[in-house]
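*Asks:* coordinates only, sequence not included:
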């Protein structure tokens, strides 16, 4: 974890968010299957250097706040076979999240 | 799912005195082996790493195994205050037990409850809590596990022998970033009064990934005597 003081986090637990649907070239930790999907912030995980830059030997600054985002399985897959209560959680960096009312 | 069965079908030598154990390096050298050796010697030549540092890291990784994780889980089962600390700050709680998880990744502990069953996957590559569980099983890195665990977790769990009622939430954790996850399974029924050490033996690697549920043998006494016999 980056030792420097964490920047203010844009989102708080309970906030509804959407993962940006933009394409990206190169290393990226935001999985394809979650792009454009809506979820809820479950936890603020801390602040980490941006892996999209670290992968290319850049400093990865400014560091990004990382969130644990909870998605309903039914919101990710059109035809999820399990019960509606099943969820998936993934760690998504702030610059990939958009507020959702 | 199966581990790869890597026995070469080398029926070339008809003269019946093959050594009892084949040397590991008698086959053709693979592309990744060549790449690894090239990178390693470059790193050493350029002074980025020393051969001793590489050997020390290999030793460190070899010292990690599911036994370490089992110790942690058993402690959490017998010590509720430790369990609380483990969930709140996994790094610090592990340090209490003398387990240093290094600086490469942060750790999180997710607790199974009667209402929630957690399962860990990494769809992007194969991130795994190596500093606690050692080297991951081959299936954890397989495309089938990585893709199907997010699309059909209950189907995958059923193949591992874990069938959960519909009112239990299956919660998949895709380790996409800087955090590594470990599942804290529920303490099996019928283990009241068991010692921490006895409990440790029930904690399997898969139960800490979420693809298994620890169970107590129905008659622990019988189990012990059969072992002694």
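*Replies:* Arrived safely, thanks for sending. Small disclaimer: the values here were computed from a predicted structure and weren't measured.

*Asks:* interface residues of chain B facing chain A?
*Replies:* B:106, B:108, B:123-124, B:150-155, B:166-167, B:169-179 (Cβ under 8 Å from any Cβ of the partner chain). C-betas here are computed from N, CA, C, even on glycine.

*Asks:* can you tell me which of those are in strands?
*Replies:* Members of the residues of chain B next to chain A lying in strands (criterion: DSSP state E): B:106, B:108, B:169-174, B:179.

*Asks:* Now residue 49: closest residue in space, sequence neighbours ignored.
*Replies:* Looking at chain A here, since you left the chain open. Closest residue to residue A:49 apart from its sequence neighbours, by Cβ to Cβ, 6 or more residues apart in numbering or on different chains: residue A:60 at 3.0 Å.

*Asks:* oops, chain B please
*Replies:* residue B:43 is the one closest to residue B:49 (Cβ to Cβ, 6+ apart), at 4.7 Å.

*Asks:* and the gap between the one you found and residue B:56?
*Replies:* 14 Å (Cβ to Cβ, to the nearest Å).

*Asks:* The two: which is more packed in?
*Replies:* residue B:43 (15 against 11; other Cβ atoms under 10 Å in any protein chain shown).

*Asks:* Surely the more buried one touches residue B:50?
*Replies:* No. Using Cβ atoms under 8 Å, residue B:43 is not in contact with residue B:50, being 9.1 Å away.

*Asks:* Check what pLDDT residue 32 gets.
*Replies:* Since no chain was named, I'll use chain A. Residue A:32 is assigned 94 on the pLDDT scale.

*Asks:* You answered for a different chain; I wanted chain B.
*Replies:* In this model, residue B:32 carries a pLDDT of 91.

*Asks:* and it, helix, strand or coil?
*Replies:* Secondary structure, DSSP: H, G, I helix; E, B strand; the rest coil: residue B:32 is helix.

*Asks:* now the helices: where do they sit in the chain?
*Replies:* Let's take chain A. Assigned by DSSP state H, the helices in chain A fall at A:51-54, A:73-76.

*Asks:* could you do chain B instead?
*Replies:* B:31-45, B:51-62, B:66-78, B:80-88, B:90-96, B:130-133, B:138-141, B:143-151, B:153-159, B:196-200, B:205-209, B:220-228.

*Asks:* Deepest-packed of the ones you listed, please.
*Replies:* helix B:205-209 (a mean of 23; mean count of other Cβ atoms under 10 Å in any protein chain shown).

*Asks:* What helices and strands are in contact with that helix?
*Replies:* helix B:66-78, helix B:130-133, strand B:179-184 (3 or more Cβ pairs under 8 Å, 6 or more residues apart in numbering or on different chains; DSSP states H and E).
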